Each structure stands twice: as structure tokens, then as C-alpha cells.
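K.L.:
quick one: sequence plus predicted model below, questions after.
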Amino acid sequence: MSFGPQMYEFYLKRYAEIYFLVGKLELLLRIHIVATLRDFAQKYSYGEWHQLIPNTPQNKEAIAAAKIASRGLDFESFLPFSFWRHLFRREYFAGLWVPSLHLAFLGIPNAATKASFKIVCRNMKRANNIRNRVAHFNLINAGDHEEEIATLLWLINAMEEPSG
């Protein structure tokens, strides 16, 4: 598949827009998820926020690799997007969402509900697919650009405090 200059510029602009939003979302996840889990850990006398994360092989591997890569400083910045996405799975509703994670979504009224959780889960799964598609420059599976932007913006807005 070859691209002319106009085609290249077209996709470059789209990918830049999407990747910027993915980056903003990932930054918000790192800040808000860690803060809510840290607060929960302190309130209930757990050691570190990451001790609340389900002890799956994937999570253990991601945390260990992030700690090594970061040399122990701000290791959250080295956790992959998929790590954050996997915190929003059906089986974590009662253990993570209700007691803690819903507090990271200040832009969602009644965020602790199962209905809100399902929407966040669906959008996080979609955001992860969008991120992977863009990161691997997969044009074949390109979705509707406006839908991808809307999904990412929904999650970003859901994590920001409502204005007014």
C-alpha cells in the first residue's frame, strides 16, 4: 500500500488528534486512579495502592517491569495503557469500582452504579483498541474517526470535575 503526500497528511492529522487524546486519557488515569486507590489504601491500612490491584500474572508483570524501568521513582508512568484498561473488568465491580475507582470519575453523576461502571468498561475497552490501532498504524481496522474521538473525549470528560 503506497501513500501520496495528501493521504499521508490526512492520516497524520487524524492520528495526531487521536494520539493526543489517548495521551491525555492515560495521564488522567495515572493521576486519578492512583489517587483514589492510594486514598483507599491509607483509609483501610493497606501498604501501597498497587496492593489493591488483583494479583494476576499480567498485573504482577506490569508492575514489576514498571518498577524496574522507573528505577523505583514514579513507576506509575511506566505502566502500559492496557494495565489501566484491565482495571475496568466485570469481575472488579464490587472489589475496585464501588469502594474506590468510581471516585476517579467526577464527571459521572451516580458513578458508583453498575450502569455507570458498564459504560466506563465499554469505553475503556474501546479506548484500548483505538490506542493499539493508532500505535501500530493500523489503517485497515480504522474506525469512524468521529466515534473514536467521541469515545476518548467521553472518558476524559468523565474523569474531570464538572464545571459550573
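P.N.:
Cool, the structure landed.
K.L.:
who touches Asn128 in this structure?
P.N.:
Counting by Cβ atoms under 8 Å, 6 or more residues apart in numbering, Asn128 makes contact with 81-82, 85. All C-beta spots, glycine's among them, are computed from the backbone N, C-alpha and C.
K.L.:
shaky segments in the protein?
P.N.:
For the chain, residues meeting the criterion pLDDT under 70 lie at 1-6, 138-143, 162-164.
K.L.:
all helices of it, in order?
P.N.:
Along the chain, the segments classed as helices by DSSP state H run 5-43, 57-70, 81-85, 114-135, 145-159.
K.L.:
residues touching Leu103, list them.
P.N.:
Counting by Cβ under 8 Å, 6+ apart, Leu103 has contacts 36, 39, 111.
K.L.:
pretty sure Leu106 sits against Glu160.
P.N.:
Yes. Leu106 is within contact range of Glu160, at 6.8 Å (criterion: Cβ atoms under 8 Å).
K.L.:
re earlier: which among the contacts of Asn128 gets closest to Arg131?
P.N.:
Nearest to Arg131 among the contacts of Asn128 is Phe81, at 5.2 Å by Cβ to Cβ.
K.L.:
may I see the buried residues of stretch 147-161?
P.N.:
148, 151-152, 154-156, 158-159 (16 or more other Cβ atoms under 10 Å).
K.L.:
for stretch 28-36, what is the distance to the chain centroid?
P.N.:
Offset of stretch 28-36 from its chain centre (Cα atoms, centre = their mean, to the nearest Å): 10 Å.
K.L.:
who touches it?
P.N.:
49, 76-77, 79, 84, 87, 100-101, 103-105, 156, 159-160.
K.L.:
filter the residues you listed to the buried ones?
P.N.:
49, 76, 79, 84, 87, 100-101, 103-105, 156, 159.
K.L.:
what subset of the contacts of Leu103 is buried?
P.N.:
36, 111.
K.L.:
closest one of the contacts of Leu103 to Ile63?
P.N.:
Ile63 lies nearest to Thr36 out of the contacts of Leu103, by Cβ to Cβ, at 17.2 Å.
K.L.:
which residues does Leu79 contact?
P.N.:
30, 62-63, 66.
K.L.:
now render these as a markdown table, adding distance to Leu12 and neighbour count.
P.N.:
Output for the contacts of Leu79, formatted as a markdown table (distance: Cβ to Cβ, whole Å; neighbours: other Cβ atoms under 10 Å):
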| residue | distance to Leu12 | neighbour count |
| --- | --- | --- |
| Arg30 | 26 | 17 |
| Ala62 | 30 | 21 |
| Ile63 | 34 | 20 |
| Ala66 | 30 | 19 |
